[in-house]
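**Q** could you work out the structure for the sequence below:
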Amino acid sequence: MTNPYRALPSVDALLADDRVAALTSAHGRNTVAHLAREVLDDQREEIERSGNEATEETVDLLLARSQALEPSLVRVINATGVIIHTNLGRAPLSRSALDAIQRISQSYATLEFDVTEGTRGSRHVHLESLLQNVTGAEAALVVNNGASALLLALAALCGDGEVPISRGQLVEIGGGFRIPDVMRQSGAGLVEVGTTNRTYIADYEAAITDETVGLLRVHLSNFAQVGFTHSASIEELGALANDRGLTLIDDVGSGALLDTTQYGLGGEPQVQESVAAGADVVLFSGDKLVGGPQAGILIGKRDAIEAMRRHPLARAVRIDKGSIAALTATLKHYAIGDAVKEIPVWRMIAEPLDQLSRRARRWVRTCANTAEAVDSRSTVGGGTLPGEELPTVVCAVTPLDGDAHSLAAELRARPTPIIARISEGRVLLDPRTVDPREDGHVEQALAAICDAARQPPRPLSGNLSGNGSQFSGR
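**A** Residues are numbered from 1 along each chain as shown. The predicted structure follows:
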């Protein structure tokens, strides 16, 4: 009996195969060689179990396994109707932000260099004046994300004392990010006040002792309290903090720089309101309602901002040059007044219903009788405006075979994956979260998938009872 192990090729023989050459060019010889060894090891285990030769060609297995070498972070088309989709990267950047990243990242830049003096400068100066102009704050500091912004603020300003916070605001924002845990890490002492649903300014007053150094307000962000509720206002907290000489930190989460009620949504705390109310520090995300790159933005009184800038933690959470460039370009739209037109998040929020309807109906026409345009709802997402929705019109596709999950998987398998949602056995594609320049991709994908589904099955040939090739697979 022939030794089945002898049928296996060597690693060198695999790498010499013409079909594998493209892999080595794309990923490097060592990487592909490592993958080839894994495939050969699997085949040896198969031979050991069965005592027979491996059932599949080693090259074919290697080529199939090589899909794992492709980048897992790829561009997708978001047709879910969730505008700030955390799983899909939150806010898409504006054209000007993308141009700024490319311009700054492809060369050297004045990240920490003063060209006037010819000396070392600070990366913190690039965004400060713009944030001052947009928000009315005395000073500003930007770090790498919102969670680190809160940690830095507490550590630098409240790390040696107690900080009262409403029980209703001891929230978990996401991914295990819990306010009590962050406060412990910062060194600040947590003092719970009020109740889960109702906290008054008197509750904060009663909790203040000689150990109290600050007050903290945290916006609920990803859920809403309704019914028998009450929260102390930022104006009340500002007055109390000023009267008692305490530091007021206001975490407003999403960072609304525009009035969300103008677009049919509920009210979201505006950054400028907190500044006007006298908060020492207001912190918010750069990649939610601001519509820029991931960042944690801290604005407020000059002394507080300077104390955070000097804290050792500031270096550990500092922002990079590409994000500085993108955020600068994004904030300029607010300064100019064209944010709704130029920033994708706001453009999606403000898109008229009749325009969404026209786009959805164009998509429907590519699917003949298997789709229809139906009224639906879009959401802002990203832990912003929980429960708030916007009216939309979606392309609802009913699969001919009744398998909506398979149809959604086919859309995800496109060269540029299209992410949709499923409801009541249909696949829904919402144009609100699709850039109009991507409509052609959606229409081509729907046409291809729907046409293929309408094709009659190919006639079978050969001996149905034998081991014909069409039955040799799975």
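**Q** give the contact list for residue 261.
**A** residue 267 (C-beta atoms under 8 Å, 6 or more residues apart in numbering). All C-beta atoms are positioned from the backbone trio N, CA, C, and that covers glycine.
**Q** any idea how far it is from residue 349?
**A** Distance check for residue 261 against residue 349: by C-beta to C-beta, to the nearest Å, it reads 12 Å.
**Q** could you list every residue that touches the closest residue to residue 7 other than its chain neighbours?
**A** Among residues not flanking residue 7 along the chain, residue 53 sits closest, at 5.1 Å (C-beta to C-beta, 6 or more residues apart in numbering). The neighbours of residue 53, taking C-beta under 8 Å, 6+ apart as the test, are 4, 7, 47.
**Q** other residues contacting whichever helix or strand residue 165 is part of?
**A** Residue 165 is located in strand 162-166, with elements delineated by DSSP states H and E. Strand 162-166 is contacted from outside by 154, 179, 183, 188-194, 199, 203-204, 207-209, 211-218, 231-232, 249, using C-beta under 8 Å, 6+ apart.
**Q** give me the distance from that strand to the chain's centre.
**A** Centre-to-centre, strand 162-166 and its host chain are 30 Å apart (C-alpha atoms, centre = their mean, to the nearest Å).
**Q** buried residues in it?
**A** By neighbour count on 16 or more other C-beta atoms under 10 Å, the buried set for strand 162-166 is 162-166.
**Q** now tabulate the residues you listed in JSON lines and tack on distance to residue 69 and pLDDT.
**A** Converted to JSON lines, the buried residues of strand 162-166 look like this (distance: C-beta to C-beta, whole Å; pLDDT from 0 to 100):
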{"residue": "162", "distance to residue 69": "53", "pLDDT": "97"}
{"residue": "163", "distance to residue 69": "49", "pLDDT": "97"}
{"residue": "164", "distance to residue 69": "53", "pLDDT": "98"}
{"residue": "165", "distance to residue 69": "48", "pLDDT": "97"}
{"residue": "166", "distance to residue 69": "50", "pLDDT": "96"}
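**Q** need the longest strand for the chain.
**A** strand 384-397 (DSSP state E).
**Q** looking only at pLDDT, what's the mean for that one?
**A** Strand 384-397 shows a mean pLDDT of 92.
**Q** buried residues of that strand, list them for me.
**A** Across strand 384-397, burial judged by 16+ other C-beta under 10 Å covers 384-385, 388, 390, 392-397.
**Q** partners of that strand in the sheet?
**A** With DSSP bridges as the test, strand 384-397 is paired with strand 371-381 (antiparallel), strand 426-429 (antiparallel).
**Q** list the contacts of the shortest one.
**A** It stands for strand 426-429. 79, 81, 360, 363, 374, 376, 394-399, 404, 407-408, 411, 418, 420-422, 442, 446.
**Q** now do stretch 272-283
**A** 135-137, 146, 149-150, 153, 157, 214, 233-235, 237-239, 241-242, 247-252, 257, 271, 296-301, 304-305, 308.
**Q** average pLDDT for that stretch, rounded please.
**A** pLDDT averaged over stretch 272-283 gives 97.
**Q** and it, how far out from the chain's middle?
**A** Centroid separation between stretch 272-283 and its chain, computed with C-alpha atoms, centre = their mean, is 26 Å.
**Q** what's the answer for stretch 190-208, then?
**A** 33 Å.
**Q** in it, what's buried?
**A** Within stretch 190-208, the residues that count as buried by 16+ other C-beta under 10 Å are 190-194, 199-201, 203-204, 207-208.
**Q** one more: stretch 49-59?
**A** By 16+ other C-beta under 10 Å, the buried positions in stretch 49-59 come out as 54, 58-59.
**Q** end to end, how far does that stretch reach?
**A** Distance across stretch 49-59, first residue to last, is 21 Å (C-alpha to C-alpha, to the nearest Å).
**Q** quick check: mean pLDDT of that stretch?
**A** 85.
**Q** next: stretch 292-306.
**A** In this model, stretch 292-306 has an average pLDDT of 97.
**Q** and it, end to end?
**A** End residues of stretch 292-306 are separated by 24 Å (C-alpha to C-alpha).
**Q** ChimeraX command to pick out the buried ones of the contacts of stretch 272-283?
**A** If you want just the buried ones from those in ChimeraX, going by 16+ other C-beta under 10 Å, the selection is:
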select :135,137,146,149,150,153,157,214,234,237,238,241,247,248,249,250,251,252,257,271,296,297,298,299,300,301,304,305,308
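**Q** helices - which of the contacts of stretch 272-283 land there?
**A** Per DSSP state H, helices hold the following members of these: 135, 146, 149-150, 153, 157, 234-235, 237-239, 241-242, 271, 304-305, 308.
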